[in-house]
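Asker: Show me the folded form of this:
(chains A and B)
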Number of protein chains: 2
Amino acid sequence: MPKIVDHDERRRHIAEAATAVIMRCGFAGLTMREVAAEAGYAHGAIARYFPNKQSLLTAAFLQLTVAANDRIAAGIEDLRGLAALHRMCSEILPYGSVGTASTRVLLAFWDHASEDPGIREINRKNTLRWRGLMHRFLAEAREDGELDPELDVDAAVDRVSVHNAGWQVTAALTPDIAASERIDASLRALLDGFRRRG
Amino acid sequence: MPKIVDHDERRRHIAEAATAVIMRCGFAGLTMREVAAEAGYAHGAIARYFPNKQSLLTAAFLQLTVAANDRIAAGIEDLRGLAALHRMCSEILPYGSVGTASTRVLLAFWDHASEDPGIREINRKNTLRWRGLMHRFLAEAREDGELDPELDVDAAVDRVSVHNAGWQVTAALTPDIAASERIDASLRALLDGFRRRG
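Answerer: Predicted coordinates for the structure are as follows:
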């Protein structure tokens, strides 16, 4: 009886291995050989699923994104409004050494996205998904009377979105500045600025 | 009499040409041939000053940085406090099509910086310079009674810094979101959040 290969499972496993390799060695250090060793597969097995480094980078980006979205979904289950927005951002921001390492995937992916409309579209899809969630939480916060009545929700979504992206860059390039307590303080101050006073 | 060559001037001219090529074609489209054509030099003339693409990218980053620093210095001449900080950020943020095009240099440079400690140091130096200026303007704002007395100035520097970096990423990857009036609104809301109320 022929062995049944679960190709989706293999792809997922290779994507995880590629993520680990980029987090450890950077995109420059990403090789098929290294990914195969990390995954425990024969060298040739990787190229059958991912023909080049770019496709491995995209798979790593999507792997990190799906993991973040799972954490967000689990984290906000019993939350709404600003508490949900705070929790969502906590799951996205680059906390600790794992967060800093994952910015190596992000920065490489963003650079490629800035050069290639197809890859940019993959990034855009996730950006819009996150912005949609931010809108929902701010609409709930408005409903619940949490927000400063003068706050422009669209502008607030822009601010949260650039805040989170900016910390990814900061963690990648000046990790000493991106200490967890400073990211925390920054997130708290940002969201407190949205609140109704007094 | 031998012709006297001003090597500094040549380097500067090539750096400007490299910046123009990356802004037009991306880092992927950067070639010695293209830079030579842009600069009006013979093909071989570029490599004598910049041996590889990476050194051209660094030169382009520094060229944009020096230009921004010149604009900042001129713009803040008669300003201090929050007005100076506002002006400084206006000179850094990616306004319009030129701003969007210049993010192609930035994202490629940041990606390389995230992989190479030597290049990271070049970025860090400018980051610290800008943070120093932000500190100075916020200290002036405090002196002048512009600031919310409870504002933590160090945390505010973090917030301005990540705000600006986040808009660079946004302009590069989702330029439709980075419309000038939205960047304006975001900057105004950020700095207004630092002000003393009432």
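Asker: For the rest of this, base every contact and every neighbour count on C-alpha atoms.
Answerer: OK.
Asker: what pLDDT does the residue nearest the centre of chain A get?
Answerer: The C-alpha lying nearest the average C-alpha coordinate of chain A belongs to residue A:65 (C-alpha atoms, centre = their mean; 4.6 Å). In the prediction, the pLDDT value recorded for residue A:65 is 97.
Asker: what's the lowest-mean-pLDDT helix or strand in chain A in contact with?
Answerer: Sorting the helices and strands of chain A by mean pLDDT, DSSP states H and E puts helix A:43-49 at the bottom, at a mean of 90. Applying C-alpha atoms under 8 Å, 6 or more residues apart in numbering or on different chains, the contact partners of helix A:43-49 are A:11, A:14, A:32, A:33, A:35, A:36, A:37.
Asker: Pull out the buried residues from those.
Answerer: A:11, A:14, A:32, A:35, A:36 (16 or more other C-alpha atoms under 10 Å in any protein chain shown).
Asker: out of everything not next to it in sequence, what's closest to residue A:20?
Answerer: Leaving aside its chain neighbours, residue A:20 sits nearest to residue A:38 (7.9 Å; criterion: C-alpha to C-alpha, 6 or more residues apart in numbering or on different chains).
Asker: Mind telling me what element that neighbour is part of?
Answerer: helix A:32-39 (DSSP states H and E).
Asker: Output that helix in CSV with nothing but the alpha carbons.
Answerer: The C-alpha trace of helix A:32-39 is given here as CSV (Å, rounded to 0.1, in the frame of the first residue of the first chain):
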residue,chain,number,x,y,z
MET,A,32,17.2,25.0,1.3
ARG,A,33,19.8,22.9,3.1
GLU,A,34,19.3,24.6,6.4
VAL,A,35,15.5,24.4,6.2
ALA,A,36,15.7,20.7,5.3
ALA,A,37,17.9,20.0,8.3
GLU,A,38,15.6,22.0,10.6
ALA,A,39,12.5,20.1,9.2
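Asker: Run the chain-centre distance for that helix.
Answerer: 23 Å (C-alpha atoms, centre = their mean, to the nearest Å).
Asker: Remind me what that helix packs against, helices and strands.
Answerer: Judged by 3 or more C-alpha pairs under 8 Å, 6 or more residues apart in numbering or on different chains; DSSP states H and E, the packing partners of helix A:32-39 are helix A:7-25, helix A:43-49.
Asker: Pick the most buried one from those helices.
Answerer: helix A:7-25 (a mean of 19; mean count of other C-alpha atoms under 10 Å in any protein chain shown).
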